[in-house]
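**Q** this one's structure only:
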């Protein structure tokens, strides 16, 4: 299945957008996927995303079917991961290596990953990104690993999906309960409107965001 993949970066790692996008796009295109770059694009951007905003953006693009998968992160990758999992419709894994990437897609079959872009990102940092993204798309999600664990892993994935449907409210309810300036500042970028609204499949959420 060809996917749309959203790249989302917070302010401390904005300066790495170009290299992360290039490596992600390289791996994604090899499998027929498309990458949508939601920024931040540079450290000087007017919109300053925090890792909490990353979580909101991830939830927006996934719930509105603007993207099928999200690649995000922060300095450690922990904050963005926790924030993503706090929002409806996001199952995010903390990925630090190619092995993490492969096992997350095969065992957990989530829809988002968070990377630690400041940790151990020195000489050869782009190579770790390259190999991580290559393993991310190496096989269809949910295939299981090792083979004898496939049935149990797929069963647990279905259970977790059901749990999240019960424990998390619909995104539109969450949006209406959040501080409006927080939501507005998260989407306050011309590129967001350009990428989001033409692809958004939830008219109620689109109308609410436009009203801000």
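**A** Thanks, I have the structure now. The structure displayed is predicted, hence computed values, not measured ones.
**Q** Strands of this protein, start to end?
**A** In the chain, the segments counted as strands under DSSP state E are 4-7, 34-37, 69-74, 92-94, 112-116.
**Q** any weak-confidence spans in the protein?
**A** The chain contains no residues with pLDDT under 70.
**Q** ok, back up a step: which one, of the strands of the chain, ends up nearest to residue 61?
**A** In terms of C-beta to C-beta, the element of the strands of the chain nearest to residue 61 is strand 4-7, at 4.6 Å. Just so you know, the C-beta spots here come from the backbone N, C-alpha and C atoms, and that holds for glycine as well.
**Q** ok, the closest residue to residue 209 other than its chain neighbours - contacts?
**A** Nearest non-adjacent residue to residue 209, counting by C-beta to C-beta, 6 or more residues apart in numbering: residue 187, 5.9 Å away. Listed by C-beta atoms under 8 Å, 6 or more residues apart in numbering, the contact partners of residue 187 are 57, 60, 193, 196, 209, 212.
**Q** Next up, the contacts around the first one.
**A** So the one you mean is residue 57. 6, 8, 38, 49, 72, 186-187.
**Q** would you list these in a markdown table and tack on distance to residue 144?
**A** A markdown table is the format used below for those (distance: C-beta to C-beta, whole Å):
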| residue | distance to residue 144 |
| --- | --- |
| 6 | 26 |
| 8 | 28 |
| 38 | 31 |
| 49 | 34 |
| 72 | 25 |
| 186 | 35 |
| 187 | 37 |
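**Q** Among those residues, which are located in helices?
**A** Taking DSSP state H, the ones among those that sit in helices are 186-187.
**Q** and the two most separated of the contacts of residue 57?
**A** Across the contacts of residue 57 (C-beta to C-beta), the longest gap, 15.4 Å, separates 72 and 187.
**Q** Find the centremost residue of the protein, please.
**A** In the chain, the centroid-proximal residue (C-alpha atoms, centre = their mean) is residue 70; its distance is 2.3 Å.
**Q** Next one: that one relative to residue 207, how far apart?
**A** Counting by C-beta to C-beta, to the nearest Å, the gap from residue 70 to residue 207 is 23 Å.
**Q** burial of the closest residue to residue 105 other than its chain neighbours, as a residue count?
**A** In space, and not counting its chain neighbours, residue 105 is closest to residue 141: 4.7 Å by C-beta to C-beta, 6+ apart. Neighbour count for residue 141, taken as other C-beta atoms under 10 Å: 19.
**Q** Just list the residues touching residue 141, thanks.
**A** Taking C-beta under 8 Å, 6+ apart, one finds 105-106, 109 in contact with residue 141.
**Q** Right, I'll call it a day here.
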